[in-house]
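Visitor: coordinates only, sequence not included:
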């Protein structure tokens, strides 16, 4: 099936009731939260419609579904990895899975390391677990700083929450970097929770390296968390998976509380179908995102050459350096006020975020053009 991802009806999009389209005033163009504007993959839409038709909206039974096998097959085809379905468990979402694992692996006051600028819920999930936040800021705001990671382990970090591919920068860690992290974790007897939710959206020319198969150390000290939610736009259906690759990490997964393993029923249905039957749709999405990142680069060069931009290697989130525009630490606030475009504020993502914005390009080229025009209008009035 040919999905017309380059032509989207803005009036139809505004009928959506998700947070992206209801958080701001109706005249604001939303380009912030990580929701794509593309239509659902037809197999997913059909499976959900069939569930509604049979009034099938009860509690999930992920263990009796084919979700683990579907994810394992998808990972084998698309992610350079062949996980054992026996080591794959369901959870509500990636952040919920991280929280559950922190509860199992840490005690109150233990150190948990993050690599800012980074996905903002990581900060809150560490706090909610009663742990002490340790930061290992990215080099130049984009590359893992292995010396800082080592220093974090030396200062007592029991867990590293790894974002791979990275959000908000869109960078893809190299195999060498991941091997080094695994060795450091093993040396310091610390855990790595690898959030790989954006891995299915690794863009042409780049290669995602899953953490668990990197080495024996990674398998012994790591967990992988993933979901169909970002790649197939299913975030509201609450379903993710946690994978383990050693006997002891599998035992830890099996011991998680029932409530932590309880995804949404429609999420299980949609995710299983997406993993099994969504390849054609995903290929078209990747092609569109590849076009969009190049389109954004050209638009910024023409209308906002002061804005620093390196194209994302994975995903549909563009990390924009707006410091030269003179709009302060939170340029998104000025762009929202004057340009009527909603971007994610850089300071949300911690150290290295001041003066930056995150822009969602999981949409049509025309909507990207509207967003850049709103930004340009703000910059020219500053």
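Guide: Sure, I can see it. Everything numeric in this text was worked out from a predicted model, so none of it was measured.

Visitor: just give me how far stretch 8-26 sits from the chain centre.
Guide: Distance of stretch 8-26 from the chain centroid (CA atoms, centre = their mean, to the nearest Å) equals 21 Å.

Visitor: ignore what I typed, I meant stretch 327-339.
Guide: 24 Å.

Visitor: correct me, but residue 214 touches residue 175?
Guide: Yes: in this structure residue 214 lies within contact range of residue 175 using CB atoms under 8 Å: 6.7 Å. C-beta: built from backbone N, CA, C; applies to glycine.

Visitor: these two: who's more crowded?
Guide: residue 214 (24 against 11; other CB atoms under 10 Å).

Visitor: how close does the more buried one get to residue 137?
Guide: 23 Å (CB to CB, to the nearest Å).

Visitor: and the longest helix anywhere in the chain, what's buried?
Guide: What stands out as the longest helix in the chain, according to DSSP state H, is helix 279-303. Across helix 279-303, burial judged by 16 or more other CB atoms under 10 Å covers 281-282, 284-286, 288-289, 292-293, 295-296, 299-300, 303.

Visitor: do the same with stretch 230-247
Guide: 230-235, 237-246.

Visitor: pull the most distant pair out of those residues.
Guide: 233 and 246 (32.6 Å; CB to CB).

Visitor: what mean pLDDT does stretch 18-27 get?
Guide: Averaged across stretch 18-27, pLDDT comes to 97.

Visitor: actually stretch 171-187, not the one I typed
Guide: Mean predicted confidence for stretch 171-187 is 98.

Visitor: buried residues, it. List them.
Guide: Quick answer for stretch 171-187 (16+ other CB under 10 Å): 171-173, 177-186.

Visitor: Serialize the buried residues of helix 279-303 to a markdown table and add fields for pLDDT and distance to residue 127.
Guide: A markdown table is the format used below for the buried residues of helix 279-303 (pLDDT from 0 to 100; distance: CB to CB, whole Å):
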| residue | pLDDT | distance to residue 127 |
| --- | --- | --- |
| 281 | 97 | 37 |
| 282 | 98 | 35 |
| 284 | 98 | 39 |
| 285 | 98 | 34 |
| 286 | 98 | 35 |
| 288 | 98 | 37 |
| 289 | 98 | 33 |
| 292 | 98 | 35 |
| 293 | 98 | 33 |
| 295 | 98 | 38 |
| 296 | 98 | 34 |
| 299 | 98 | 38 |
| 300 | 98 | 35 |
| 303 | 97 | 40 |
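
Visitor: ok, these vs residue 222, which is closest?
Guide: residue 282 (25.2 Å).

Visitor: ok, that closest one touching residue 228?
Guide: No: using CB under 8 Å, residue 282 makes no contact with residue 228, being 9.7 Å away.

Visitor: so what sits against both of the two?
Guide: Counting by CB atoms under 8 Å, 6 or more residues apart in numbering, the contacts common to residue 282 and residue 228 are residue 200.

Visitor: output the buried residues of helix 279-303 as TSV; include the columns distance to residue 269.
Guide: Shown next, in TSV, are the buried residues of helix 279-303 (distance: CB to CB, whole Å):
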residue	distance to residue 269
281	16
282	18
284	22
285	20
286	24
288	25
289	26
292	29
293	32
295	34
296	34
299	39
300	40
303	43
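
Visitor: what is the longest helix of the chain packed up against?
Guide: helix 67-78, strand 308-309, strand 317-321, helix 365-381 (3 or more CB pairs under 8 Å, 6 or more residues apart in numbering; DSSP states H and E).

Visitor: could you check the angle that helix makes with helix 67-78?
Guide: Per axes from the mean of the first three to the mean of the last three CA atoms, to 10 degrees, the angle that helix 279-303 makes with helix 67-78 is 60 degrees.
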